[in-house]
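Enquirer: the sequence and its predicted three-dimensional model are supplied below.
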Amino acid sequence: MEEMRIYFRKIIAGMMALLLTAPANPGGFTSSGSTIPVNAEEADADRSGIYGDDLDDDLTTDAADDITTDTETSGGEDSQEDATTQEEDDIVPDDTDDQNVVDDETTSADDQITTDSQDAHEYESDEPKNAENTVVVPKDENGSEAELCFIKISSAEGVLDKIDEISPEEAQSWLAANIDTITAIAPAYNGRRDFFFKYNDTYYYASLGPDRFESRYIGGDDFYWAVLSADKVESSIAKYIKRMDHVFIWKNPAATYTKIDAHEATCTESGNTEYYIGSDNKYYKLEDGVYKEIAENSWTVDALGHSYFAPVWTWIDDVNISAKFVCKNCGDVVVFDTQATKKIESEPTYTHDGKVEYNARVVFNGKGYSYTKYVNIPMLRLSYVEASDPTCTEAGNIEYWYDADNDKYFADENGENEITKANTVIKAAGHTAGSEVVENKVEPTYFHDGSYDKVVYCSKCGEEISREHITITKPKYTAPALKYAKGENAVKLSWDAVEGAEKYGIAGYVSGRWLLLYDCDDTSFILNGLTEGTQYWVSVITMSEGKWVTDFSNAIVVTPQSTAGKYPILKSVEHNEPTHQFKLTWTAVKGAQQYGIGVYLKGKWKVITQDIPGDRTSYISPKLTAGKTYTLVIVAKVDGKWVLNNLNARSFTVTVQPEAPLVAGAYESDDFVFSGNVFIVGDSTVCEYKPESTAAKGSCGWGMKLAQQFEGVKVTNLARAGRSSRSFMNDPEYTRMCDSIGKGDYLFIQFGHNDERTAEPNHAAYPYLDFSTLDNEGKNDNGQYSYEWILLNKYVRVAQAKGAKPVLVTPITRRHKDGRPDFEGHVNYADAIVKLGKKYNIPVIDMTTKTKDLYYELYSKGGAEATAEMHCYLDESRTAIDNTHLSVKGSEIIADMIADETKTLELKISERLK
């Protein structure tokens with residue numbers, strides 16, 4: 001029974017020793033800062049909740065001694081032997097993941113070191129085993145060393161002097177937030193990390209295995225710091241380092257001092273002597289290299305205060321004066337304005353000056369300052385005023401003498417006979433009203449009212465007597481109603497003419513606002529390039545006085561005719577004669593992955609070029625044999641398959657153009673079939689005119705009358721006023737020509753009148769330029785565009801590529817004021833067209849020569865009046881002949897001549913002549 005009692009005493013003694021020597025958290029701080037009870041019963045109660053089953057027992061020497069004393073009192077040496085441990089044993093953790101766990105075996109110091117060395121083989125260190133004393137400072141996210149941090153050490157020597165203070169809560173918070181910063185010191189390291197710091201002269205530590213070294217655990221409620229006595233710190237750290245753990249101690253930044261330079265005091269502001277602000281927010285003075293603390297504001301130097309010179313007096317006028325005081329030290333200025341007293345000592349006369357005394361006084365800083373000045377008053381003077389006669393509006397006057405200083409009038413030069421001003425005046429005669437006239441008349445517009453002035457002038461002097469401004473109310477604008485017809489990827493808009501309209505604008509509603517897309521002179525317009533199945537909001541607006549009337553109330557929704565959109569449509573063919581190459585362009589196909597060029601060879605179609613990207617719609621051929629003709633088709637690959645439907649119907653021919661001229665022959669092959677469609681491009685001698693313009697001035701283009709010369713022929717007149725062969729290509733009508741012309745159609749081309757305008761860079765085109773000197777836009781090194789090259793490549797070959805037949809028409813003659821033909825400016829352009837036609841076997845109608853001959857014939861029979869009938873008038877008054885543009889009669893005659901020439905040229909269209 002006694003043996004059983006001794007046995008239980010040993011157990012109780014061991015438990016008490018364990019409780020009294022447990023790591024610091026039970027007796028210090030938890031992660032939340034609470035204190036763990038220290039009496040034996042409370043310690044037993046709390047131990048399992050804080051440490052759990054994972055905590056290993058460890059008894060330090062001090063604890064063992066306490067327990068031994070208790071055990072001896074309780075009875076027996078056996079209890080003391082079981083409870084004591086080696087005095088040299090320090091807190092070196094094992095390799096488990098438990099925090100702050102120490103060995104529970106009572107081994108000697110040598111045994112412990114051996115154990116540590118064996119344990120160290122379980123993970124590799126990233127430092128040499130015999131490393132010198134080094135310090136590793138963590139870096140922040142910018143690569144700079146952290147100011148406040150745990151630093152890694154490799155030696156325990158003098159470590160007690162290196163560990164700085166931080167509260168356990170702050171240390172826990174910093175460590176939880178800087179896991180990545182610590183890890184970055186040795187990313188490959190996978191062993192224990194040990195952290196030491198001091199707070200209120202007490203040392204704390206935590207030893208964390210890799211599984212516990214993460215922010216969630218360290219920042220959680222289960223984390224705690226253990227307490228370590230000062231005499232154990234250095235030896236424990238030495239063993240941790242020898243064990244090849246990574247050991248960290250807390251370091252605070254060194255004290256810093258910010259210098260505040262000395263500043264001299266001014267008159268109004270205090271200064272200061274030199275002093276320093278420490279990082280502890282205290283104030284210091286540097287003496288003999290030592291920072292000595294000083295009291296706040298002990299560095300202040302009081303302001304000096306102002307010291308002013310005597311005042312400088314300045315007259316503002318004859319009564320007001322200012323006194324300016326200036327500080328001798330800082331230049332500060334104080335100004336006082338005051339009024340001087342005036343005392344007349346003697347009055348002036350017509351024979352001598354008078355005198356006046358001025359006195360002024362100011363008080364500044366309790367002291368008075370005075371100033372006195374004497375001024376002469378000039379003697380009185382008389383000015384002679386000669387007599388003048390009165391006018392309608394201004395009075396005259398008699399001869400008199402005037403004292404301007406005193407506003408007195410005299411009838412004599414000595415100033416003895418004074419009169420009044422009224423005595424000098426001769427009254428004005430007054431106006432005589434003339435007839436009422438109208439001036440400044442402004443016609444009303446859609447933007448503003450009109451007005452005029454009703455004025456009456458004097459019949460004698462011509463001066464205006466009265467003026468009355470009369471307002472003419474502006475007319476109410478009504479937007480033209482729109483109609484439209486569907487076409488393939490296009491719609492044709494049409495509307496009634498608006499009175500006073502200078503031109504019309506085609507507007508589209510895009511991204512929440514109206515945008516001006518095109519402008520035109522006619523009352524119809526074709527919108528090309530539309531996408532099938534898409535609705536478009538469009539409106540037609542009117543220009544008046546050079547400004548758009550932005551009334552979109554006539555807006556309608558349009559949608560183009562539904563087309564399959566499966567096939568590329570050829571837009572143009574351009575030739576490079578020196579290299580025997582050509583360039584094709586076509587319309588894009590929705591969803592096209594690639595494009596290919598098909599060639600008809602030996603009775604079969606073969607796609608020879610298959611690598612044209614889907615976002616490119618052009619192709620440049622290799623160098624080919626001059627004069628050879630190829631039958632081609634453009635195909636698209638959609639959804640991985642080439643779309644090869646209707647190849648024959650979509651095909652076109654391209655002849656590789658030689659540099660040498662061809663032998664002229666028939667212009668059309670026997671199998672050419674006229675489609676019934678004719679397209680015309682040109683200038684104002686060809687284009688369509690509004691009905692009101694025709695009615696008012698007789699304006700008409702020959703393109704308006706060409707269809708009347710044939711049976712079953714549809715004429716699309718795309719000509720536009722003021723266009724040259726170059727400038728026309730910028731218009732939507734050119735795009736329409738390229739898109740709409742097709743197999744079996746005719747294209748009549750007449751440009752020249754505006755190409756001759758060489759002073760206008762956007763219009764000018766030059767005849768007789770060498771093709772070999774031109775770039776791919778038809779321009780030479782001097783910036784001159786070739787007239788023939790543009791006609792050939794931008795019109796003739798575009799038509800030919802579509803299977804249509806081009807017909808070149810030379811410009812018609814103008815008319816001299818005397819009635820004779822004015823054709824000299826056209827000669828070179830007409831000659832260039834004729835030569836171009838001969839070289840490339842293109843039919844040419846030489847209207848320059850034919851109209852010149854016609855005008856001479858008319859003039860010989862009927863004189864100037866006969867040729868005048870060919871032309872319209874310049875304005876609605878019909879008093880002046882427009883010697884360039886045609887009348888209705890003139891247009892009919894020209895159209896008839898052109899139609900007859902189609903028979904001479906043996907063109908298929910001539911078979912439909914009336």
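Expert: Great, that's in hand. Numbering: from 1, shown residues only.
Enquirer: and residue 368, how many neighbours?
Expert: The burial count assigned to residue 368 is 8, neighbours taken as other C-beta atoms under 10 Å. All C-beta atoms are positioned from the backbone trio N, CA, C, and that covers glycine.
Enquirer: quick check: which element contains it?
Expert: Using DSSP states H and E, residue 368 sits in strand 367-377.
Enquirer: tell me what that strand is packed against?
Expert: Packed against strand 367-377 by the contact rule (3 or more C-beta pairs under 8 Å, 6 or more residues apart in numbering; DSSP states H and E) you find strand 320-326, strand 354-364.
Enquirer: list the buried ones in the longest one?
Expert: Residues of strand 354-364 classed as buried under the neighbour-count rule (16 or more other C-beta atoms under 10 Å) are 354, 356, 358, 360, 362.
Enquirer: ranges for the strands of the stretch 451-600 of the chain?
Expert: Applying DSSP state E, counting those that start in this stretch to the stretch 451-600 of the chain gives strands spanning 464-472, 482-487, 490-495, 503-510, 513-520, 524-527, 536-544, 547-549, 556-558, 570-576, 581-586, 592-601.
Enquirer: would you map the helices across the stretch 551-700 of the chain?
Expert: With helices called from DSSP state H, counting those that start in this stretch, the stretch 551-700 of the chain shows them at 647-650, 691-697.
Enquirer: what is the shortest one packed up against?
Expert: The reference is to helix 647-650. strand 629-638.
Enquirer: which residues touch the strand it packs on?
Expert: For strand 629-638, the surrounding residues in contact (C-beta atoms under 8 Å, 6 or more residues apart in numbering) are 566-568, 570, 584, 586, 589, 591-600, 605, 607, 610, 614, 619, 624, 642-644, 647, 650-656.
Enquirer: please check these and keep the buried ones.
Expert: Here, 16+ other C-beta under 10 Å leaves 567-568, 570, 584, 586, 589, 592, 594-598, 600, 605, 607, 619, 642-643, 647, 650-652, 654-656 buried among those.
Enquirer: nearest to residue 196, of the helices of the stretch 551-700 of the chain?
Expert: Among the helices of the stretch 551-700 of the chain, helix 647-650 comes nearest to residue 196, with 87.8 Å by C-beta to C-beta.
Enquirer: and the helices of the stretch 551-700 of the chain, which one averages the lowest pLDDT?
Expert: Lowest mean pLDDT of the helices of the stretch 551-700 of the chain: helix 647-650, a mean of 74.
Enquirer: okay, now the domains of this structure?
Expert: As given by automatic domain parsing, the domain ranges for the chain are 22-57+86-251, 257-301, 312-377, 383-426, 433-472, 482-558, 570-655, 677-912.
Enquirer: for residue 487, which non-adjacent residue is spatially closest?
Expert: Spatially, and ignoring its direct neighbours in sequence, residue 487 is nearest to residue 561 (5.6 Å; C-beta to C-beta, 6 or more residues apart in numbering).
Enquirer: pull out the buried residues from stretch 437-448.
Expert: Under the neighbour-count criterion of 16+ other C-beta under 10 Å, stretch 437-448 has 445, 446 buried.
Enquirer: run a quick neighbour tally on the nearest residue to residue 261 once chain neighbours are set aside.
Expert: Closest residue to residue 261 apart from its sequence neighbours, by C-beta to C-beta, 6+ apart: residue 274 at 6.2 Å. Counted with other C-beta under 10 Å, residues neighbouring residue 274 total 12.
Enquirer: contact partners for residue 274?
Expert: By C-beta under 8 Å, 6+ apart, the neighbours of residue 274 are 259, 260, 261, 262, 285, 286, 299.
Enquirer: I'd guess residue 889 is in a helix, am I close?
Expert: Yes. According to DSSP: H, G, I helix; E, B strand; the rest coil, residue 889 belongs to a helix.
Enquirer: now it: closest residue in space that isn't a chain neighbour?
Expert: Nearest non-adjacent residue to residue 889, counting by C-beta to C-beta, 6+ apart: residue 869, 5.6 Å away.
Enquirer: where does pLDDT dip in this structure?
Expert: 1-148, 351, 488-489, 511, 529, 531-532, 562-565, 649, 657-665 (pLDDT under 70).
Enquirer: still on that earlier bit, just send the helices and strands packed on strand 367-377 back as JSON lines, with distance to residue 875 too.
Expert: Output for these, formatted as JSON lines (distance: least, C-beta to C-beta, whole Å):
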{"stretch": "strand 320-326", "distance to residue 875": "71"}
{"stretch": "strand 354-364", "distance to residue 875": "78"}
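Enquirer: reformat the helices of the stretch 551-700 of the chain as JSON lines; add distance to residue 878.
Expert: JSON lines is the format used below for the helices of the stretch 551-700 of the chain (distance: least, C-beta to C-beta, whole Å):
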{"stretch": "helix 647-650", "distance to residue 878": "52"}
{"stretch": "helix 691-697", "distance to residue 878": "7"}
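Enquirer: now stretch 253-262: buried residues?
Expert: Quick answer for stretch 253-262 (16+ other C-beta under 10 Å): residue 257.
Enquirer: is residue 432 in contact with residue 460, as I believe?
Expert: Yes. With contact defined as C-beta atoms under 8 Å, residue 432 reaches residue 460; the gap is 5.1 Å.
Enquirer: give the residues shared as contacts by the two.
Expert: Counting by C-beta under 8 Å, 6+ apart, the shared contacts of residue 432 and residue 460 are residue 392.
Enquirer: now do residue 472 against residue 448, distance only.
Expert: As judged by C-beta to C-beta, to the nearest Å, residue 472 and residue 448 stand 10 Å apart.
Enquirer: and if you look at residue 746?
Expert: Where residue 448 is concerned, residue 746 sits at a distance of 48 Å (C-beta to C-beta).
Enquirer: next: residue 330.
Expert: Counting by C-beta to C-beta, the separation of residue 330 from residue 448 is 63 Å.
Enquirer: do residue 898 as well
Expert: 46 Å.
Enquirer: just residue 634 next, same as before
Expert: Distance from residue 634 to residue 448, by C-beta to C-beta: 54 Å.
Enquirer: look at residue 789 and say how many residues are nearby.
Expert: Residue 789: 24 neighbours (other C-beta under 10 Å).
Enquirer: name the nearest residue to it, ignoring sequence neighbours.
Expert: Distances taken as C-beta to C-beta, 6+ apart put residue 778 closest to residue 789, at 3.8 Å, once the chain neighbours are dropped.
Enquirer: show me the contacts for the one you found.
Expert: Residue 778 makes contacts with 785, 786, 789, 790, 793, 794, as judged by C-beta under 8 Å, 6+ apart.
Enquirer: go ahead and confirm the first one touches residue 773.
Expert: In this case it means residue 785. No. Residue 785 lies out of contact with residue 773 (C-beta under 8 Å); the separation is 11.8 Å.
Enquirer: those two: who's more crowded?
Expert: Using other C-beta under 10 Å as the criterion, residue 785 and residue 773 rank with residue 785 on top: 22 against 12.
Enquirer: enumerate every residue touching residue 803.
Expert: Counting by C-beta under 8 Å, 6+ apart, residue 803 makes contact with 652, 653, 742, 743, 744, 745.
Enquirer: which of the residues you listed sit farthest apart?
Expert: Among those, the pair separated by the greatest distance (C-beta to C-beta) is 653 and 745, at 14.8 Å.
Enquirer: can you list the buried residues of strand 354-364 in JSON lines and add distance to residue 575?
Expert: Formatted as JSON lines, the buried residues of strand 354-364 follow (distance: C-beta to C-beta, whole Å):
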{"residue": "354", "distance to residue 575": "104"}
{"residue": "356", "distance to residue 575": "102"}
{"residue": "358", "distance to residue 575": "100"}
{"residue": "360", "distance to residue 575": "99"}
{"residue": "362", "distance to residue 575": "98"}
